[in-house]
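A.B. asks: Have a look at this prediction, sequence included:
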Amino acid sequence: MHLADGEMCLTDEISQYVDFWFDFEEDPIINREPTDPAKKSIVILDDGNATDATTTQINPTIVPQLVISYYNIPDVLKTGLESNVSQASLQFEGQYYNEKDLQKYSQEVNIPFKPLKTNHILGINDQSEPGMESMLDIEEMVGINPLGETWYFNDDVKNISSDSSLVNILTINELNDLPQILSISYDEPEANLCAGITNCDEKVVYLAKRYFIRANIELMKLTMRGITILVASGDDGANDFYADCTNTIFYPYYPPSSPFVTSVGVTTLVNVQYKELQNQPPIYTDRGPLYPCVSGGDEIAVSINDNLFGNFTSGGGFSNIFP
C-alpha cells in the first residue's frame, strides 16, 4: 500500500502490481445523514386506523417485538439459542458505540441488557459521542437477537483515513476470532471510486476495477470462513442521489454490488395499524400518545413519497462491473 499526494504516474513494470491508489482525501465510503422526514399529521381513531388531520403530529414507533412477529422470526427469549450466535456492526466516519444508550434502549423495549464485551469492541470508540447509524445498527441486532454476542468495529476517528473499506476488510481477515454476521451500512458509487491515473507514457490506468476485484477477494475470504456479510443497498434508487432521472445507465454502489455480499433493501408500511401489542414494551407508555404503537400494516418498497417513515428510495444490488 502506498499513499501519495498530487499527480503521479506508474511505469508498465509497476502498474500491473498495483491494486488501488488513493490520494490524500477523506474516506470515500459514505453514508449520508438522513434528513428529518416530514411528520405526517394524523390522528388515531377508535378503530386503530389513521387519517389525515391538522391537530396532532405523531411519530409511529416500531419495536423489535413487531419485527419478530411480522416476519415470523423465532423469539430467542422464548426458544433460546441452539448454538452460539454472534453478530457485528462495521462502522465508519466516527460512528461510535455507547453502552448507556444500549442499556436505555434495552429497558424501553423490554429485552435483557447485554453490554458488548471489551474484546468485542475493536478499533477506535468514543462513548461520549454515540453515532446514530452505529447505535441504530447495534440496537436493531440486539432487539432481534438479545442473546447473541454483539461486536463493534470502527475504522478510524472522524473519517481521517483514506484507505476505504478494503483495508478494513483486510484487517478483519487477519483476526482469528470473528463474528458470524457483519453488517455494513455504507457504500460508494462504483463510478466514483479510484479515478484513472496515467502511467509514465501518458496511458490511462483505470484502477477502479482492480480495486473491486481485490476487495472482492477479501470479501470472498470472509464468506469462505462461513461469515455472512449484509450491506445496505443504498438510499438513492438506481439513478443516483444527485441525478434528475435522465441518466442513460443505472448508477450502482459498492460494496452492495459485490457478488459476495447480501445486499439489503428497504421496505415500508402502508395501511398502518395501531393496536396494543402482546407484551407491550414500556416505550409506549413512557413516551406518550404521540409515539403510537405500530402493530401491523401492508409492506411495500420504500418510496420517496413515503412521508410517514422515510422519504428515500432503496437501490443497489446490481453492478456495471460484475455480471
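C.D. replies: Good, I have the coordinates. Since we're looking at a predicted model, the values are computed, not measured.

A.B. asks: how about the helices in the stretch 101-250 of the chain?
C.D. replies: 132-144, 164-173, 208-224 (DSSP state H, counting those that start in this stretch).

A.B. asks: mind giving me TSV with these and columns for distance to I58, mean neighbour count and mean pLDDT?
C.D. replies: Glycine gets a C-beta too; all of them are placed from N, C-alpha and C. Formatted as TSV, the helices of the stretch 101-250 of the chain follow (distance: least, CB to CB, whole Å; neighbours: other CB atoms under 10 Å; pLDDT from 0 to 100):
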stretch	distance to I58	mean neighbour count	mean pLDDT
helix 132-144	20	20	95
helix 164-173	38	20	76
helix 208-224	41	17	87
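
A.B. asks: among those, which is nearest T11?
C.D. replies: Checking those against T11 by CB to CB gives helix 208-224 as the closest, at 16.0 Å.

A.B. asks: Next up, phi/psi of the nearest residue to E149 once chain neighbours are set aside, please.
C.D. replies: Closest residue to E149 apart from its sequence neighbours, by CB to CB, 6 or more residues apart in numbering: S86 at 4.3 Å. The phi/psi pair for S86 (degrees, to the nearest 10) reads phi -130, psi 150.

A.B. asks: who's in contact with the closest residue in space to D126 that isn't next to it in sequence?
C.D. replies: For D126, ignoring the flanking residues on the chain, the nearest one in space by CB to CB, 6+ apart is Y96 at 4.8 Å. Residues near Y96 by CB atoms under 8 Å, 6 or more residues apart in numbering: 125-127, 129-131, 134, 154.

A.B. asks: Model confidence score at Y96, please.
C.D. replies: The per-residue pLDDT reported for Y96 equals 92.

A.B. asks: That one bridge partners, please.
C.D. replies: Applying DSSP bridges to Y96 gives these bridge partners: P130.

A.B. asks: Adjust the sequence numbering to begin at 27 for everything that follows.
C.D. replies: From this message on, residue numbering opens at 27, which makes the last subject Y122.

A.B. asks: E325 reaches T294, doesn't it?
C.D. replies: Yes - assessed by CB atoms under 8 Å, E325 is found in contact with T294 at 7.5 Å.

A.B. asks: If you count surrounding residues, which of those two has more?
C.D. replies: T294 (17 against 13; other CB atoms under 10 Å).

A.B. asks: Surely the more buried one forms part of a strand?
C.D. replies: Yes - the assignment for T294 by DSSP: H, G, I helix; E, B strand; the rest coil puts it in a strand.

A.B. asks: so how far is S340 from it?
C.D. replies: 9 Å (CB to CB, to the nearest Å).

A.B. asks: Quickly list what's touching both of the two.
C.D. replies: 327-328.

A.B. asks: Next up, the contacts around the closest residue in space to S115 that isn't next to it in sequence.
C.D. replies: Closest residue to S115 apart from its sequence neighbours, by CB to CB, 6+ apart: D163 at 4.1 Å. By CB under 8 Å, 6+ apart, D163 lies in contact with 115, 117, 209, 211.

A.B. asks: what about 10 Å?
C.D. replies: Residues near D163 by CB atoms under 10 Å, 6 or more residues apart in numbering: 113-117, 121, 123, 157, 176, 178, 209-211, 258.

A.B. asks: now those residues in CSV, with neighbour count and distance to G169?
C.D. replies: Formatted as CSV, the contacts of D163 follow (neighbours: other CB atoms under 10 Å; distance: CB to CB, whole Å):
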residue, neighbour count, distance to G169
Q113, 21, 11
A114, 25, 15
S115, 27, 13
L116, 27, 18
Q117, 29, 18
Q121, 26, 18
Y123, 25, 15
G157, 22, 17
T176, 26, 11
Y178, 21, 16
S209, 22, 13
I210, 25, 19
S211, 20, 16
A258, 23, 17
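
A.B. asks: what's the closest of the residues you listed to P315?
C.D. replies: G157 (29.6 Å).
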